[in-house]
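J.: Got a sequence here, can you model it:
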Amino acid sequence: MRVQTISRLLLAAMFVLLPQRVSAQFTVYTDLVSFLAATSNPGTDNFENLSITGTTPSPLSRTAGAFGYTATVNTTSFFGAGSTADRWLSTNTATDIVTFGGFGAGVRGIGGLFFGSTASGTFRANTSIMLTARTASGQSTQTLLNTTLGTFLGFVASADLLSLTVEAMQPASGGFAWPTVNNLVIANEVIPEPSTWMLMVTGFGMLVLIATRNRSRRR
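T.: Reported below is the predicted structural model:
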């Protein structure tokens, strides 16, 4: 088998065996453990230095581990919800949309705890939260229904992330719900799943075997 033919087969195998997330653009995780297993160098912002006695101007410059990022609201300001023991990032206006961005190169994963809060900053049950993660070439929108304090969602993209927006769906039964975030996790490059590596190794091994057999037949 000629070298050029082997090269073509190797290239074809690489495209076939690449993780499914490349074609899908985003992989969504509903638990922190799986999200962390799919990324590297995660950093967490737990918002414990936010004021819970007043509003906080937007935009904010924040850090999550080694990552810097910005947080903005589209109309007014932020509000530190929760308690002194566990502070959350929320908005001063219920219908505001929170946008996280300015991540820098290499950030491929973002996740956190997303839920609703009341006007006084306490947890509000039966709140649905809509999240949209964006890259330069696409986006993924997910809606979390009836969120709790432990509702996690994480996005892992095949390209650098540009932004994540968080919005509370206002209850049809009346009243208001404020979008609220806790323990925001940012991570960089995607770690290939073990099954993907096994597929690639197996595929390359088969190609080498084919080439060896063809050489044997020519002798």
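J.: What are the boundaries of the helices in this structure?
T.: Remark: helices assigned in the chain by DSSP state H are 3-17, 20-24, 32-37, 194-218.
J.: Lowest average pLDDT across those helices?
T.: Mean pLDDT values for the helices of the chain show the minimum at helix 20-24, a mean of 41.
J.: Name the nearest residue to residue 115, sequence neighbours excluded.
T.: Closest residue to residue 115 apart from its sequence neighbours, by Cβ to Cβ, 6 or more residues apart in numbering: residue 147 at 4.0 Å. (Each C-beta comes from the backbone N, C-alpha and C, glycine too.)
J.: Ok, residue 102 next?
T.: Nearest non-adjacent residue to residue 102 (Cβ to Cβ, 6+ apart): residue 70, at 4.0 Å.
J.: Pull out the buried positions in stretch 153-165.
T.: 153, 154, 155, 156, 157, 158, 161, 162, 163, 164, 165 (16 or more other Cβ atoms under 10 Å).
J.: low-confidence ranges in this protein?
T.: 1-24, 192-219 (pLDDT under 70).
J.: try 80 this time
T.: Counting by pLDDT under 80, the chain shows low-confidence ranges at 1-24, 191-219.
J.: From the buried residues of stretch 153-165, which land in strands?
T.: Those of the buried residues of stretch 153-165 mapping onto strands are 153, 154, 155, 156, 157, 161, 162, 163, 164, 165, per DSSP state E.
J.: Residue 100: which of these is nearest?
T.: residue 164 (4.6 Å; Cβ to Cβ).
J.: Isn't the closest one up against residue 130?
T.: No - between residue 164 and residue 130 there is no contact under Cβ atoms under 8 Å: 11.3 Å.
J.: what do these two both touch?
T.: Residues touching both residue 164 and residue 130 by Cβ atoms under 8 Å, 6 or more residues apart in numbering: none at all.
J.: right, and residue 72 touches residue 101 too?
T.: Yes - under the contact definition of Cβ under 8 Å, residue 72 touches residue 101, with a separation of 7.5 Å.
J.: What's the local residue count around the nearest residue to residue 36 once chain neighbours are set aside?
T.: Closest residue to residue 36 apart from its sequence neighbours, by Cβ to Cβ, 6+ apart: residue 42 at 5.8 Å. Look at residue 42: counted by other Cβ atoms under 10 Å, it has 20 neighbours.
J.: Residue 42 is in contact with residue 189, isn't it?
T.: No - contact criterion Cβ under 8 Å: residue 42 and residue 189 do not qualify, at 11.3 Å.
J.: List the buried residues for stretch 163-179?
T.: Buried-residue list, stretch 163-179, by 16+ other Cβ under 10 Å: 163, 164, 165, 166, 167, 168, 170, 176, 177, 178, 179.
J.: Can you add distance to residue 91 and give the buried residues of stretch 153-165 back as a markdown table?
T.: Below are the buried residues of stretch 153-165 laid out as a markdown table (distance: Cβ to Cβ, whole Å):
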| residue | distance to residue 91 |
| --- | --- |
| 153 | 18 |
| 154 | 21 |
| 155 | 21 |
| 156 | 26 |
| 157 | 25 |
| 158 | 30 |
| 161 | 21 |
| 162 | 21 |
| 163 | 16 |
| 164 | 15 |
| 165 | 12 |
